[in-house]
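[1] My questions are about this predicted structure, shown below with the sequence.
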Amino acid sequence: MGSIFSHIQLFDLTLLQLFFTVLVFVWSGFVRSGLGFGGAALSLPLLLLISDQPLFWLPMIALHLLFFTAMTLRKRLRRVDWPALKRTWYYILPAKLVGVFGLLSLPNDWLIVIIYGITLFYALLWVLNVQIHSEKGWFDKVLLIIGGYFSGTSLTGAPLMVVVFANMTAKHQLRDTLFLLWFVLVSIKIATLHAFAVDLQVLSAIVLVPVAGLGHLLGLKAHDIILQNDQRFKRVIGGVLISICLVGLLNLFFN
């Protein structure tokens, strides 16, 4: 599998791998703006089938998230629920830092299992139409801590934190509040990775900006439609993700 600090570059991939990479980054941008979360959680399992190096893909996804959330938020900061963010920082930020250091220290295979395992968990919930409900108590704090940790290790903790924020924040403020939260959390991750000399894949991220931008624009247009068909959308995507995760795990354990 190689070291998590592998120096693989985007154009080391074959033409077929590059083609699928483009499709996945369109999908990533679409999900990020369409749902307001999940760009990494719903694209990383696909990207790991192309190249099984989480630290190759995560910086690119993170840089895109910073760019597109900043673009979206520049005229929407007044719609952010600042009190909700202040009440949750104490639980999310320490867990986030622990998760980032886990990303740097865990073996590559462990990271892959974590990513597929978390995504499989979300997918099963969506297919079975099982919802995690916010209780406004200790359970919310647990969700924020676990979500913060997995956000640090793999950028896949968003759905757990969304459960809490959806109960705390008015519907019209939710997406912009989440975008600001993701911006802060991803800034911490990028700064930490840079401090530890991880290749941030800046050039690769720039090359893929127009691709992800196309998905981002499509997601913005489809946002209201997705919200109106939320359960159906999640069931279909959940079924596809289950298949992808199972293929990825089988490939990991039997190769």
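    Sure, I can see it.
[2] Which positions in the helix or strand hosting G29 come out as buried?
    Per DSSP states H and E, G29 falls inside helix 15-35. The neighbour-count check on helix 15-35 (16 or more other C-beta atoms under 10 Å) flags 21-22, 24-35 as buried. The way it works is simple: take the backbone N, C-alpha and C, and place the C-beta from them, glycine included.
[3] Save these as CSV, and put in distance to W138 too.
    Output for those, formatted as CSV (distance: C-beta to C-beta, whole Å):
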residue, distance to W138
T21, 41
V22, 44
V24, 37
F25, 38
V26, 40
W27, 36
S28, 33
G29, 36
F30, 35
V31, 30
R32, 30
S33, 33
G34, 32
L35, 27
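[4] Just put those in CSV and tack on pLDDT and distance to L143.
    What follows is the buried residues of helix 15-35, written out as CSV (pLDDT from 0 to 100; distance: C-beta to C-beta, whole Å):
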residue, pLDDT, distance to L143
T21, 94, 32
V22, 93, 34
V24, 92, 28
F25, 92, 29
V26, 91, 30
W27, 89, 26
S28, 85, 24
G29, 83, 26
F30, 84, 26
V31, 81, 21
R32, 76, 21
S33, 75, 24
G34, 76, 23
L35, 71, 18
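[5] follow-up on the earlier one: any idea which helix or strand comes after the helix holding G29?
    Next element after helix 15-35 (DSSP H and E): helix 44-50.
[6] can you list the weak-confidence ranges in the chain?
    Applying pLDDT under 70 to the chain flags residues 1-7, 36-38, 134-136, 227, 230, 255.
[7] how about the helices in it?
    Per DSSP state H, the chain carries helices over the ranges 15-35, 44-50, 54-73, 82-105, 108-127, 138-154, 158-168, 171-195, 202-228, 230-254.
[8] Now the fourth one: buried residues?
    It refers to helix 82-105. With the criterion 16+ other C-beta under 10 Å, helix 82-105 contains buried residues 84-85, 88, 91-93, 95-97, 99-100, 102-104.
[9] Check the last one too.
    In terms of neighbour count (16+ other C-beta under 10 Å), helix 230-254 has its buried residues at F233, K234, R235, I237, G238, L241, I242, I244, C245, G248, L249, L252.
[10] Output the helices of the chain as JSON lines; include the columns distance to Q9.
    Formatted as JSON lines, the helices of the chain follow (distance: least, C-beta to C-beta, whole Å):
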{"stretch": "helix 15-35", "distance to Q9": "11"}
{"stretch": "helix 44-50", "distance to Q9": "13"}
{"stretch": "helix 54-73", "distance to Q9": "8"}
{"stretch": "helix 82-105", "distance to Q9": "20"}
{"stretch": "helix 108-127", "distance to Q9": "17"}
{"stretch": "helix 138-154", "distance to Q9": "21"}
{"stretch": "helix 158-168", "distance to Q9": "27"}
{"stretch": "helix 171-195", "distance to Q9": "16"}
{"stretch": "helix 202-228", "distance to Q9": "7"}
{"stretch": "helix 230-254", "distance to Q9": "22"}
